[in-house]
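# here is a sequence together with a model predicted from it:
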Amino acid sequence: MTDRLAGKKAVVVGAGIGGLAAALRLRKAGAQVVLLEKNEAVGGKVSERRSAGFRWDLGPSLFTMPQILDRLFADLGEKREDHLKLEPLSPTCRYRWADGYQFDENEFFWSRPDSARLLRHAEGLYNLSASAFLESDPSEVWRKVWDPRLLPLLRHLPAMSPWRSLASASRKFYRDPHLQQFLQRFATYNGSDPELTPATFAVIPYVQARFGGWFIQGGIRRLAETLLGLAQKNGIAIHLKAEVATIEPHQVTLENGFRFPADLIFHNGDVLRAYQKTILHPGARAMAEKIAKPQRAISGFVVLLGVKGKDASLGHHNIFFSDNYPLEFQQMFRDRRPAENPTIYLCLSARSQPADAPPDHDNYFLLVNAPAETERIDWANESPAYTDRIIRILDEKFLPGLTKRIVHKEWFSPADFETRDAVVGGSLYGWASHGMVPSFLRPPIHSPLMKNLYFVGGTTHPGGGLPLVLLSAEIAVRLASKKT
Ligand SMILES: Cc1cc2nc3c(=O)[nH]c(=O)nc-3n(C[C@H](O)[C@H](O)[C@H](O)COP(=O)(O)OP(=O)(O)OC[C@H]3O[C@@H](n4cnc5c(N)ncnc54)[C@H](O)[C@@H]3O)c2cc1C
């Protein structure tokens with residue numbers, strides 16, 4: 001099937017993980033591939049920062065579903081282990097509250113009767129939906145859902161039905177409000193409010209429990225660098241600092257006027273921005289208005305700290321929960337402003353990789369959810385105070401004396417993500433999963449406007465996060481090979 005792509009001129013716009021994976025799959029199918037990236041380096045959100053002897057993963061820090069990455073390597077005729085070393089983390093994460101309650105997410109936690117019941121239903125739902133939803137384009141779904149072997153799994157639907165919210169499901173599975181909040185947090189894995197996210201998204205903790213949370217040795221950048229190395233080895237033409245200004249049916253034009261002829265175009269950037277600014281088609285503006293209607297997923301506010309001393313209470317991944325979760329989402333989604341008392345995620349990669357910090361120091365990557373608002377919020381002015389607020393919450397409620405131990409501090413706001421990644425509002429995952437349609441029918445991979453234009457990455461189907469982005473590339477190239 002894939003040889004239908006042989007000899008085709010394919011242009012991939014954007015070298016995030018989705019763009020790199022699509023480029024490699026197209027090349028494997030025999031296409032002549034050009035990869036155009038506006039930044040100085042490939043990887044998009046998969047980036048790192050080094051300063052004052054510290055190294056931080058600046059984008060994703062938790063790697064899940066490694067089997068999807070392994071499949072990319074296998075499809076390319078490579079072995080992932082020859083290129084990247086993955087380490088399982090146990091516990092996957094440590095959760096803490098200001099009232100002193102805390103627990104580690106590990107096998108023991110998942111074997112509690114309430115957690116085990118949650119996992120049973122979520123596993124059923126995962127088995128029901130993985131092939132038909134996650135690994136397929138909606139146009140391919142009907143063929144897959146009529147599998148009689150799936151029928152018994154339908155009994156798991158009521159517990160996690162798309163018509164109830166994840167917040168409501170959390171109250172059904174856990175009596176303890178701390179654990180309800182824990183389950184609700186998985187809505188933020190795709191930038192959403194747990195009160196509005198379908199309960200079906202409880203498959204995310206199942207995936208984390210079943211397939212584990214992983215750390216890529218050397219840091220997450222190794223993933224982008226490895227895919228870049230394979231692209232170079234396989235003869236993909238890579239152009240950095242090459243910002244695409246316009247996409248027409250058979251031509252991609254850079255900001256500097258340079259043109260690339262194209263039989264096939266794969267766009268890895270934000271779908272909304274592409275229809276708003278880049279795609280030259282009479283229907284593009286109407287399409288942009290249509291897809292702009294559902295709420296955007298939240299962005300992130302990141303603080304990178306170099307900290308003197310090592311705090312033995314911290315694990316590799318840590319969550320410090322706020323006391324009022326609904327208020328956080330209300331402030332971000334309804335009031336459209338940063339949460340006053342946000343839940344704080346702290347990644348400490350030096351726990352697994354000591355070289356990430358100088359001796360007797362630690363490298364804190366702090367991330368809080370933040371509204372994907374760059375017009376209403378003046379991030380340049382607000383960021384210093386918001387940074388200090390986040391540090392103060394940690395110092396006063398969880399990590400006494402932190403402020404005095406800080407030797408390095410910098411931040412990245414939604415405005416920085418918007419500029420760097422060319423995503424509207426700096427949203428990390430495109431669309432929020434609020435309700436059935438935005439959750440399960442994201443802007444399609446195959447553009448309805450141009451028959452040779454495909455999208456890959458977190459703003460199209462099946463969604464954001466590294467494993468899904470890799471799947472989008474797999475689906476997009478399969479669709480192109482069928483339709484070309
Ligand atoms: C702070 C943070 C934490 C995260 N945490 C996790 C996590 O723990 N686990 C996880 O799985 N995921 C996480 N994610 C999400 C994950 O990083 C993304 O879903 C994924 O990396 C997105 O990949 P992508 O292929 O969609 O493209 P992107 O990374 O968005 O890359 C798109 C690329 O296209 C380029 N581009 C755009 N427009 C143009 C143009 N016109 N011309 C040329 N180039 C263009 C951009 O410069 C960029 O390089 C996190 C993201 C962030 C930012």
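Structure's in. What do you need?

# domains in the protein, by residue range?
The chain breaks down into these domains under automatic domain parsing: 2-53+63-87+217-294+436-483, 106-212, 298-421.

# which stretches in the stretch 351-484 of the chain count as helices?
Secondary structure of the stretch 351-484 of the chain (DSSP state H, counting those that start in this stretch): helices at 379-393, 402-405, 414-421, 436-440, 466-483.

# which other helices and strands contact the first one?
Meaning helix 379-393. strand 299-308, helix 402-405, strand 406-412, helix 414-421 (3 or more CB pairs under 8 Å, 6 or more residues apart in numbering; DSSP states H and E). The C-beta positions use only the backbone N, C-alpha and C, and glycine is treated the same way.

# also the last one?
Taking 3+ CB pairs under 8 Å, 6+ apart as the contact definition, the neighbouring helices and strands of helix 466-483 are helix 17-28, helix 66-75, strand 264-267, strand 453-455.

# count the residues that sit near Ile204.
When neighbours are counted by other CB atoms under 10 Å, Ile204 registers 22.

# could you measure from it over to Thr197?
Ile204 sits at a distance of 10 Å from Thr197 (criterion: CB to CB, to the nearest Å).

# next up, the contacts around Glu135.
Counting by CB atoms under 8 Å, 6 or more residues apart in numbering, Glu135 makes contact with 462, 471, 474-475.

# so which of those is the closest to Leu228?
Of all these, Glu474 has the smallest distance to Leu228: 18.8 Å, by CB to CB.

# just give me the neighbour total for the nearest residue to that closest one once chain neighbours are set aside.
Of all residues not flanking Glu474 in the chain, Arg25 sits nearest, at 6.8 Å (CB to CB, 6 or more residues apart in numbering). Using other CB under 10 Å, Arg25 has 27 other residues around it.

# what's the distance between Arg25 and Ile391?
Counting by CB to CB - Arg25 and Ile391 are separated by 43 Å.

# next one: Lys85
33 Å.

# those two: which is more packed in?
Ile391 (20 against 13).

# that one and Arg71, how far apart?
41 Å.

# same question for Arg171.
36 Å.

# Glu225 now?
20 Å.

# rewinding a little: the residue nearest to Glu474 contacts Ile475, doesn't it?
No. If you go by CB atoms under 8 Å, Arg25 and Ile475 don't touch, sitting 10.2 Å apart.

# elements contacting the helix or strand harbouring Val12?
According to DSSP states H and E, Val12 maps onto strand 9-13. Under the contact criterion of 3+ CB pairs under 8 Å, 6+ apart, strand 9-13 touches helix 17-28, strand 32-36, strand 259-261, strand 264-267.

# just want the angle from the longest one to strand 32-36.
Helix 17-28 and strand 32-36 are oriented at 160 degrees to each other (axes from the mean of the first three to the mean of the last three CA atoms, to 10 degrees).

# may I have helix 17-28 as CSV, with CA atoms only?
Written as CSV, here are the backbone C-alpha positions of helix 17-28 (Å, rounded to 0.1, in the frame of the first residue of the first chain):
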residue,chain,number,x,y,z
ILE,A,17,7.8,15.1,17.1
GLY,A,18,4.7,14.7,14.9
GLY,A,19,6.4,16.3,11.9
LEU,A,20,9.6,14.2,12.4
ALA,A,21,7.7,11.0,12.7
ALA,A,22,5.6,11.8,9.6
ALA,A,23,8.7,12.7,7.6
LEU,A,24,10.4,9.4,8.6
ARG,A,25,7.3,7.3,7.7
LEU,A,26,6.9,9.1,4.3
ARG,A,27,10.6,8.5,3.5
LYS,A,28,10.2,4.9,4.4
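
# what's the angle between that helix and strand 9-13?
Using the same axes, to 10 degrees: helix 17-28 against strand 9-13 is 170 degrees.

# for the record, mean pLDDT for helix 17-28?
Helix 17-28 shows a mean pLDDT of 98.

# where does the chain have low pLDDT?
Along the chain, the parts satisfying pLDDT under 70 run over 1-2, 141-154, 156-157, 160, 437-440.

# apply 50 and report the result again.
1-2 (pLDDT under 50).

# from His178, how far out is Asp99?
Distance from Asp99 to His178, by CB to CB: 8 Å.

# between these two, which one's more packed in?
For Asp99 versus His178, the count of surrounding residues by other CB under 10 Å is larger for His178: 15 against 10.
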